[in-house]
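Trainee: Mind folding the following:
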Amino acid sequence: MRIRLLRFPQHVELQDGGEWVSTDADIQQYTDVVWQHLKTNPQVYTYLCGGLVFETMFTVCVSVVLITSGRPRMALAVAGLSLVMILPWLVVDGISICRGRISGDLSGLWLLARMPTLVLLIVILAARGTIIWYTLG
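Mentor: Numbers count the residues shown, from 1 in each chain. Next comes the predicted model:
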């Protein structure tokens, strides 16, 4: 496994034999490799939501530190930028969900388990929205 933080979009590459497979090359091959290593729905679900959860926790932690250190405008910028960056992916994944396909983490999560994904999406958006609301208030 290789974490590619300095590429856009950030992603995890998995090794399939001797080659590295990423989501931007062949989503079906990537999905097949994920299922080879993670055999159950809960394991795949946890793997897929890891990046979204980590990014949300990072955004919230940085924003709280900025707010408590007297820099609410910077916290607003962090939360706002995070929200602006996730919205296009929500649209792309939403279109994929309507087509019954996987194009990213959320569409993959949705196809595995709808209700937990809906709750996760609400939490992700509410975390950013709460920070924005607090800093504007």
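Trainee: Please, where are all the helices along the protein?
Mentor: Listed in chain order, the helices of the chain (DSSP state H) span 27-37, 41-68, 72-99, 105-112, 114-136.
Trainee: so which of those helices is the most packed in?
Mentor: Counting by mean count of other C-beta atoms under 10 Å, helix 105-112 has the highest mean neighbour count of the helices of the chain, with a mean of 21. Quick note: C-beta positions are derived from backbone N, CA and C, even for glycine.
Trainee: what sits up against that one?
Mentor: Identification of contacts with helix 105-112 by C-beta atoms under 8 Å, 6 or more residues apart in numbering yields 31, 41, 44-45, 48-49, 51-52, 89-90, 93-94, 96-97, 100-102, 116-117, 120-121.
Trainee: again with stretch 59-68
Mentor: Contacts for stretch 59-68 (C-beta under 8 Å, 6+ apart): 72, 74-75, 78-79, 82, 127-128, 131, 134-135.
Trainee: Now with 7 Å, please.
Mentor: Under the criterion C-beta atoms under 7 Å, 6 or more residues apart in numbering, residues 74-75, 78-79, 82, 127-128, 131, 135 lie in contact with stretch 59-68.
Trainee: of all those residues, which comes closest to Leu5?
Mentor: Ser82 (15.0 Å; C-beta to C-beta).
Trainee: Just to check, that closest one is in contact with Arg128?
Mentor: Yes - with contact taken as C-beta atoms under 7 Å, Ser82 and Arg128 are classed as touching, separated by 5.6 Å.
Trainee: can you tell which of the helices of the chain is closest to Phe8?
Mentor: helix 72-99 (10.0 Å).
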